[in-house]
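Peer 1: Structural data only, the sequence is not supplied:
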Ligand SMILES: Cc1cc2nc3c(=O)[nH]c(=O)nc-3n(C[C@H](O)[C@H](O)[C@H](O)COP(=O)(O)O)c2cc1C
Ligand SMILES: [Mn+2]
């Protein structure tokens with residue numbers, strides 16, 4: 001990979017989005033930003049508004065500008081929501097693309113890696129204000145209590161937590177929830193096996209505190225990358241740069257030594273210790289359930305807070321259904337990463353990958369393929385189940401033929417019920433990477449071990465030549481009816497149909 005050349009090319013490219021503010025201006029221009037200037041409380045009110053707003057597909061993102069008790073700070077709830085356009089803008093694409101188009105483009109952009117560019121700390125907009133020592137008070141920034149039984153206010157949800165592997169200096173950027181525990185303390189909960197957990201344990205094994213920073217207001221591209229599973233040995237900054245088409249600008253902190261995003265809104269940094277824990281949680285999670293009871297968890301001892309004037313905190317509501325910020329985000333970002341992983345492994349014939357937002361709470365991956373050889377579908381299923389982009393939690397992996405749109409759950413279920421043979425087409429993987437948040441595994445002590453179900457919903461390849469033909473429209477007749485649609489008295493655009501009868505070598509059985 002010729003990163004050097006790419007960096008030079010990218011440097012000449014005019015970029016239009018560098019910060020959360022730049023992205024918000026574009027979102028505003030397409031009518032998807034709703035500013036709320038009426039006074040609103042952080043205690044359940046903002047999250048309830050967000051839950052109700054999110055019930056409508058494509059609802060706008062919400063910028064709370066008048067937060068009770070917080071004159072200096074705004075809060076953006078559910079930056080992505082259920083908008084393909086807002087994901088497209090975050091990955092530096094024009095709006096108006098389909099789910100599968102955005103997913104494919106992102107999977108291609110994930111192939112590029114551009115290392116971050118280090119700038120002078122004094123030039124970083126996030127260093128407009130720096131509170132250190134006695135001045136550190138994270139409670140002055142708005143943070144929502146989201147659900148009635150939550151253990152506290154969560155300032156970190158749509159965030160990016162920065163850690164470093166002390167053995168090789170690989171910087172990790174991951175999204176992990178952070179609960180306020182005091183003016184200088186936030187909880188640092190991450191699931192077993194997550195990179196920040198592995199990083200902090202390496203510091204502790206050396207007898208040193210783990211340096212950690214958390215970005216609470218950020219360019220949604222960084223949030224998207226932080227919430228996606230990339231290889232454990234490469235920095236997410238490089239993938240963010242690749243998707244951005246130019247390096248992410250960072251500066252080196254004089255407090256923790258970490259590389260921090262220069263254009264962020266708000267960053268806290270400090271240290272985490274193995275023997276310093278506090279009660280964290282419970283938290284209403286992306287599963288639609290409270291994950292685990294509150295328990296002793298490492299925290300961040302905050303040494304410094306950096307922020308722009310009147311910063312915007314980014315927040316993600318975790319919920320059932322459409323109001324879940326992880327829904328469409330993972331629908332696209334996880335699916336794109338699985339697609340990217342399958343490409344890198346050289347698996348042929350992949351036509352589409354999707355993580356249905358309806359299934360985010362437990363995880364589902366659907367892959368459509370053009371079957372080319374014996375065992376192809378089983379191979380795709382096993383790899384999609386266990387590759388880095390797809391392995392965490394995901395319970396169901398379904399492989400369908402290329403005449404089935406993986407983003408259309410109705411089509412996927414039709415393929416499952418007509419092409420799979422339960423006695424032959426289902427495999428179970430046991431003792432797989434899961435999470436304490438899985439409500440189905442009880443007693444909770446048996447978590448985070450999980451299992452996965454693979455469903456081969458493709459036409460049986462052995463008998464594909466004699467598999468019952470689908471009832472498909474004749475293309476010419478479809479086009480004729482489209483042309484007469486209005487004349488026939490129908491309103492609106494005729495429905496889109498993409499599969500047509502080919503008349504090639506069919507056997508009717
Ligand atoms: C909105 C949102 C909130 C998340 N919260 C957590 C969390 O609290 N703990 C956790 O372990 N993972 C959480 N995740 C999942 C991780 O961000 C994701 O698995 C990511 O790959 C972690 O980065 P890593 O692969 O570098 O460890 C969250 C994801 C999203 C999108
Ligand atoms: Mn990582």
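Peer 2: Happy to help now that I have it. Quick caveat, the model's predicted, so the values are computed rather than measured. Numbering: from 1, shown residues only. Ligands and ions are numbered 1, 2, ... in the order given.
Peer 1: element containing the residue nearest to residue 120 when sequence neighbours are not counted?
Peer 2: Nearest non-adjacent residue to residue 120, counting by CB to CB, 6 or more residues apart in numbering: residue 251, 6.7 Å away. Where you see a C-beta, it was placed from the backbone N, CA and C, and this is true even at glycine. Residue 251 is part of strand 249-252 when elements are defined by DSSP states H and E.
Peer 1: Report the mean per-residue pLDDT for that strand.
Peer 2: Summarised as a single mean, pLDDT over strand 249-252 is 98.
Peer 1: Show me what counts as buried in it.
Peer 2: 249-251 (16 or more other CB atoms under 10 Å).
Peer 1: cool, stretch 256-273 as well?
Peer 2: 256, 258-273.
Peer 1: What is the nearest of the buried residues of strand 249-252 to residue 205?
Peer 2: residue 250 (26.4 Å; CB to CB).
Peer 1: For that closest one, name its beta-bridge partners.
Peer 2: Taking DSSP bridges as the rule, residue 250 bridges to residue 118, residue 261.
Peer 1: Quick one: mean pLDDT over stretch 374-391.
Peer 2: 97.
Peer 1: what's the answer for stretch 230-240, then?
Peer 2: Averaged across stretch 230-240, pLDDT comes to 97.
Peer 1: Outside of that stretch itself, list whatever touches it.
Peer 2: 110, 113-116, 168, 170-174, 195, 198, 221-222, 225-226, 228, 248, 250, 259, 337, 388-389 (CB atoms under 8 Å, 6 or more residues apart in numbering).
Peer 1: list the helices and strands the longest strand anywhere in the chain packs on?
Peer 2: The strand that spans the most residues within the chain, counting by DSSP state E, is strand 295-307. Strand 295-307 sits against strand 129-132, strand 185-187, strand 210-217, strand 266-272, strand 277-280, with contacts defined as 3 or more CB pairs under 8 Å, 6 or more residues apart in numbering; DSSP states H and E.
Peer 1: on that earlier part again, packing partners of the strand holding residue 251?
Peer 2: If you count contacts as 3+ CB pairs under 8 Å, 6+ apart, strand 249-252 packs onto strand 117-118, strand 259-261.
Peer 1: how far away is the residue of the chain found nearest ligand 2 from ligand 1?
Peer 2: Residue nearest to ligand 2 within the chain (CB to the ion): residue 195, separated by 3.7 Å. Note on residue 195: its distance to ligand 1, by CB to the nearest ligand atom, to the nearest Å, is 3 Å.
Peer 1: What about the closest residue to that residue other than its chain neighbours, how many residues nearby?
Peer 2: Closest residue to residue 195 apart from its sequence neighbours, by CB to CB, 6+ apart: residue 172 at 4.3 Å. For residue 172, the neighbour count with other CB atoms under 10 Å is 23.
Peer 1: Pretty sure residue 324 sits against residue 331.
Peer 2: No. Contact between residue 324 and residue 331 fails when scored by CB atoms under 8 Å: they sit 10.4 Å apart.
Peer 1: for the strand or helix carrying residue 86, packing partners?
Peer 2: In this assignment (DSSP H and E), residue 86 forms part of helix 84-90. In terms of contacts (3+ CB pairs under 8 Å, 6+ apart), helix 84-90 is packed against helix 20-29, helix 99-109, helix 220-226, helix 326-344.
Peer 1: would a markdown table of those with distance to ligand 2 be doable?
Peer 2: Formatted as a markdown table, the helices and strands packed on helix 84-90 follow (distance: least, CB to the ion, whole Å):
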| stretch | distance to ligand 2 |
| --- | --- |
| helix 20-29 | 22 |
| helix 99-109 | 17 |
| helix 220-226 | 8 |
| helix 326-344 | 11 |
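Peer 1: Serialize the ones you listed to a markdown table and add fields for distance to residue 283 and mean pLDDT.
Peer 2: Below are the helices and strands packed on helix 84-90 laid out as a markdown table (distance: least, CB to CB, whole Å; pLDDT from 0 to 100):
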| stretch | distance to residue 283 | mean pLDDT |
| --- | --- | --- |
| helix 20-29 | 24 | 98 |
| helix 99-109 | 28 | 97 |
| helix 220-226 | 18 | 98 |
| helix 326-344 | 13 | 97 |
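Peer 1: Any chance of TSV for those helices, columns distance to residue 451?
Peer 2: Below are these laid out as TSV (distance: least, CB to CB, whole Å):
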stretch	distance to residue 451
helix 20-29	39
helix 99-109	26
helix 220-226	27
helix 326-344	18
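Peer 1: Let me have those helices in JSON lines, extended by mean neighbour count.
Peer 2: Putting these into JSON lines (neighbours: other CB atoms under 10 Å) gives the following:
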{"stretch": "helix 20-29", "mean neighbour count": "18"}
{"stretch": "helix 99-109", "mean neighbour count": "21"}
{"stretch": "helix 220-226", "mean neighbour count": "26"}
{"stretch": "helix 326-344", "mean neighbour count": "26"}
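Peer 1: Just tell me which of those helices ends up closest to ligand 1.
Peer 2: Comparing these by their distance to ligand 1 (CB to the nearest ligand atom), the top pick is helix 326-344, with 4.5 Å.
Peer 1: quick one: contacts of the helix or strand that the closest one is followed by?
Peer 2: Next along the chain after helix 326-344, taking DSSP H and E as the criterion, comes strand 350-354. For strand 350-354, contacts defined as CB under 8 Å, 6+ apart pick out 99-100, 103-104, 107, 331, 335-336, 338-339, 342-343, 365-370, 380, 384, 402, 405-407.
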